[in-house]
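Colleague: Predicted model and sequence below, questions to follow.
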Amino acid sequence: MLVLNYLITDMLSRLAAQLLRSVLAEQAAREMVKVFDGIPTLLRYIHALHTCFKSVSSKLVLLAVV
């Protein structure tokens, strides 16, 4: 079980590193990281936007049905 936990953690770390490299390859993303004082703040902002979008889009679907 310990080996499995290690393998999963290692895999997630590698995926996170690859995602970070991919995102930071874009100049606009690098600028956003600077503006938002780092990755955690930027991720919170993106999550908030996504949550807001989901809320609005679900209301639009309900309006379309009515």
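Modeller: That came in fine, so what should we check first?
Colleague: give me the number of residues near the closest residue to F36 other than its chain neighbours?
Modeller: Leaving aside its sequence neighbours, F36 sits nearest to L42 (C-beta to C-beta, 6 or more residues apart in numbering; 4.2 Å). In short, each C-beta sits where N, CA and C put it, glycine included. Counted with other C-beta atoms under 10 Å, residues neighbouring L42 total 17.
Colleague: so L42 touches V33, yeah?
Modeller: Yes: L42 is within contact range of V33, at 5.6 Å (criterion: C-beta atoms under 8 Å).
Colleague: Touching both of the two, which residues are there?
Modeller: Shared contacts of L42 and V33, defined by C-beta atoms under 8 Å, 6 or more residues apart in numbering, are absent.
Colleague: Can you point out the buried residues in stretch 35-43?
Modeller: Neighbour counts over stretch 35-43 (16 or more other C-beta atoms under 10 Å) mark L42 as buried.
Colleague: can you give me the strands for this structure?
Modeller: With DSSP state E, there are no strands along the chain.
Colleague: low-scoring stretches of it, by residue?
Modeller: Confidence mapping of the chain against pLDDT under 70 gives the ranges 56-66.
Colleague: Let's see that with 80 instead.
Modeller: Applying pLDDT under 80 to the chain flags residues 1-2, 23, 36, 39, 41-43, 45-46, 49-50, 52-66.
Colleague: what does the domain assignment say about it?
Modeller: 1-26, 36-66 (automatic domain parsing).
Colleague: centroid residue for the chain?
Modeller: L43 (5.4 Å; C-alpha atoms, centre = their mean).
Colleague: How about the contacts made by it?
Modeller: Taking C-beta under 8 Å, 6+ apart as the definition, L43 has no contacts.
Colleague: Thanks again, I'm all set now.
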